[in-house]
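*Asks:* Give me a model of this one.
(chains A and B)
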Amino acid sequence: MSFLEAVFSHNLILFALLGSFLASIVSGTVGSYVVVKRISFLAGSISHSVLGGIGVALWLQKRHDVEWMTPLIGALIAAIISAILIGFIRVKFREREDSVIGALWTVGMALGVLFISATPGFNVELTNFLIGNLLWVTPEDLWILVSLNVLALLLIIPLHKKLLALCFDEEQAKLQGVAVQPLYLLLLVLIAISVVLLTQVVGVLLVLTMLTIPAAIGNLFTRRLSIMMALAMLLSCFFSFSGMWIAYDFDLPPGATIALITGLAYGILLILKKPLLKLTQVTSQS
Amino acid sequence: MSAAVVADNLCFSYDGNPILKNVSVEIPAGDYWAIIGPNGGGKTTFLRLLLGFLQPDSGTLSVFGQTPQKAQQRIGYVPQIFHFDRAFPICVQEIVLQGRLNRLSWFGRYSDEDKQKAAEALELVGLSHLAHRPFSDLSGGQAQRVIIARALAQGPELLLLDEPTASVDTKAEEQIWELIRKLKGKMTILLVSHDLKRVVNEVEKVLCLQKTARVLERDELCGHFALGVWHP
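*Replies:* You can find the predicted model right below:
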């Protein structure tokens, strides 16, 4: 059976694809803010500390029968807690910001590993959360992913110009009466939401790839943030789709395949950028 | 004439090191002043106090009779151009419109009036033809003028410029001085500069900051610098 036939005959694969497309919408937009504000490191910290939430959730669910505490909910709670912590660190420990954020990164992961190991029989799941397993997306998860998307877009659309100002020149935004600290915190929470969406697709270890690389590729070919966002969304969908296709045909782990294709594409485009731009200029002139 | 800026016994220290000590000065509205002084003399600190980004340890500072925080939206601020990420994906018009950010509607749209004001500001700095160009395409001088246009779009009563000619070539420098000359009298202008010779020919008065403040008239200043020595 070919990949396309499988998509329409197996709900599992269809859900996986839908999940990855949903993740692409928000990660394309939020990832663009991350790239232009140069805070990939912050996003990395949020994405890795999510493992802590997943670990605690699994432990509560399997060991203590807290049914509603799914790994997705755990991830969401952990992501938002670390976003708020990072916002707090920025205000209180500005001089040591990078070290403290680095610590948050590893402490979150360590917590995750500890709690998962205290949940017997679930060590296989650790790998799945680390490198992603889209085939686990349930219809309930899809609904949560849809709501997170809607929520993020409802926040981003009216605030885009203020977020743009925040990323470009924070002091000017402040002079213009923008509440800079809360807005920055909101940006961190949006990053947290994207991280959770992407964790489903590529897993904790590879989230950073999907959050930043499609936006970084977009940045190579446009100098308008709004166009960069649109490009990042499309590219992210394309990488997820082609990655899953290849993973299906060659029986590879989908998350890693998607991340690898994304990374490779970035490398190739970085090298080919100049010749490609020249080519487009020639064709638009003729 | 009312005062644009009044500092009274203003003191500020950073980690126990005094940066400004007992600074008292009154700058009348509509004046064009330069702030000069050695590095670490407190020029930037004074600007940041005026912008309300820092709080004085003691003494008072008021802008148009208000606290700096309250007066923030009456102040146009032009930071140095190296402060910006020149690779940032943004076009000239988008930058200038950020001078109207406080008027943005709740759903995040600029009004026609905002767009009009931004276009006028861009016209004033002579860069209307670059409105849709990406920021990264501009020369240093053009970029600096775009940032000045952003401050003007706001309709400021006090314009603060931090070394606006510091990182541009001679021709661009000339254009920037000429632009500021056009603004003279329309608003209070305070300009931080290292270019003492130039400043003497442009401004009305000079505020020398070296921990303490001293105000010099133009002719006094000429006498001072004729000696070729900096001595407050």
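*Asks:* Can you read off the pLDDT for the nearest residue to A:E170 once chain neighbours are set aside?
*Replies:* Nearest residue to A:E170 in three dimensions, chain neighbours excluded: A:V180, at 5.8 Å (CB to CB, 6 or more residues apart in numbering or on different chains). Yep, even glycine has a C-beta here, placed from its N, CA and C like the rest. On pLDDT, A:V180 comes in at 92.
*Asks:* Wait, A:V180 touches A:C167, no?
*Replies:* No: shown here, A:V180 and A:C167 do not form a contact pair, counting by CB atoms under 8 Å, at 11.3 Å.
*Asks:* in the chain, which helix or strand is least confident?
*Replies:* In the absence of a named chain, chain A is used. Counting by mean pLDDT, DSSP states H and E, chain A has its least confident helix or strand at helix A:123-131, which shows a mean of 72.
*Asks:* Quick check: next helix or strand after it?
*Replies:* Counting by DSSP states H and E, the next helix or strand C-terminal to helix A:123-131 is helix A:139-168.
*Asks:* for that next one, which positions count as buried?
*Replies:* Neighbour-count burial for helix A:139-168, counted by 16 or more other CB atoms under 10 Å in any protein chain shown, picks out A:141-142, A:144-145, A:148-149, A:152, A:155-156, A:159-168.
*Asks:* cool, and stretch A:29-41?
*Replies:* Buried residues in stretch A:29-41 (16+ other CB under 10 Å): A:29-37, A:39-40.
*Asks:* any idea which of these is closest to chain B?
*Replies:* A:V36 (5.8 Å; CB to the nearest CB).
*Asks:* what about that closest one, distance to A:S9?
*Replies:* 42 Å (CB to CB, to the nearest Å).
*Asks:* and if you look at B:N201?
*Replies:* Distance from B:N201 to A:S9, by CB to CB: 81 Å.
*Asks:* Contact residues of the stretch 51-200 of chain A facing chain B?
*Replies:* A:157-162, A:164-165, A:167-169, A:171-178 (CB under 8 Å from any CB of the partner chain).
*Asks:* Any stretches of chain B with poor pLDDT?
*Replies:* Flagging of chain B using pLDDT under 70 yields the residue ranges B:1, B:219, B:221-232.
*Asks:* Nearest to chain A: which residue in it?
*Replies:* Closest point on chain B to chain A, by CB to the nearest CB, is B:P134, at 3.4 Å.
*Asks:* number of nearby residues for that residue?
*Replies:* 18 (other CB atoms under 10 Å in any protein chain shown).
*Asks:* That one pairs with what?
*Replies:* Counting by DSSP bridges, B:P134 forms beta bridges with B:C91.
*Asks:* From A:S242, how far off is it?
*Replies:* Taking CB to CB, one finds B:P134 at 30 Å from A:S242.
*Asks:* same deal with A:V91?
*Replies:* For A:V91, the distance to A:S242 - CB to CB - is 42 Å.
*Asks:* Looking at those two now, which is surrounded by more residues?
*Replies:* A:S242 (16 against 11).
*Asks:* which residue packs closest to that one, ignoring adjacent ones?
*Replies:* A:I261 (6.1 Å).
*Asks:* OK, contacts around the closest residue to chain B within chain A?
*Replies:* Across chain A, no residue is closer to chain B than A:R223, which sits at 3.4 Å (CB to the nearest CB). Counting by CB atoms under 8 Å, 6 or more residues apart in numbering or on different chains, A:R223 touches B:89-91, B:134-137.
*Asks:* Surely it is within a strand?
*Replies:* No: under DSSP: H, G, I helix; E, B strand; the rest coil, A:R223 sits outside any strand and is assigned coil.
*Asks:* For the nearest residue to it once chain neighbours are set aside, list the residues it contacts.
*Replies:* Nearest non-adjacent residue to A:R223, counting by CB to CB, 6+ apart: B:P134, 3.4 Å away. For B:P134, the contact set (CB under 8 Å, 6+ apart) comprises A:223-224, B:89-92.
*Asks:* How are the strands of chain B distributed by residue range?
*Replies:* Assigned by DSSP state E, the strands in chain B fall at B:3-14, B:17-28, B:32-36, B:58-63, B:75-78, B:158-162, B:188-192, B:205-210, B:212-217.
*Asks:* can I get the ones you listed in a markdown table with distance to chain A and mean neighbour count?
*Replies:* Formatted as a markdown table, the strands of chain B follow (distance: least, CB to the nearest CB, whole Å; neighbours: other CB atoms under 10 Å in any protein chain shown):
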| stretch | distance to chain A | mean neighbour count |
| --- | --- | --- |
| strand B:3-14 | 13 | 19 |
| strand B:17-28 | 16 | 18 |
| strand B:32-36 | 18 | 24 |
| strand B:58-63 | 12 | 18 |
| strand B:75-78 | 6 | 26 |
| strand B:158-162 | 10 | 23 |
| strand B:188-192 | 15 | 24 |
| strand B:205-210 | 21 | 21 |
| strand B:212-217 | 24 | 16 |
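*Asks:* Throw those into JSON lines and include distance to B:Q98, thanks.
*Replies:* Below are the strands of chain B laid out as JSON lines (distance: least, CB to CB, whole Å):
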{"stretch": "strand B:3-14", "distance to B:Q98": "24"}
{"stretch": "strand B:17-28", "distance to B:Q98": "26"}
{"stretch": "strand B:32-36", "distance to B:Q98": "25"}
{"stretch": "strand B:58-63", "distance to B:Q98": "21"}
{"stretch": "strand B:75-78", "distance to B:Q98": "12"}
{"stretch": "strand B:158-162", "distance to B:Q98": "16"}
{"stretch": "strand B:188-192", "distance to B:Q98": "21"}
{"stretch": "strand B:205-210", "distance to B:Q98": "28"}
{"stretch": "strand B:212-217", "distance to B:Q98": "32"}
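*Asks:* tell me the contacts of A:A110?
*Replies:* A:G52.
*Asks:* Are we agreed that it is in a helix?
*Replies:* Yes: A:A110 forms part of a helix when assessed by three-state DSSP.
*Asks:* tally of neighbours for B:K182?
*Replies:* Using other CB under 10 Å: B:K182 sits among 11 other residues.
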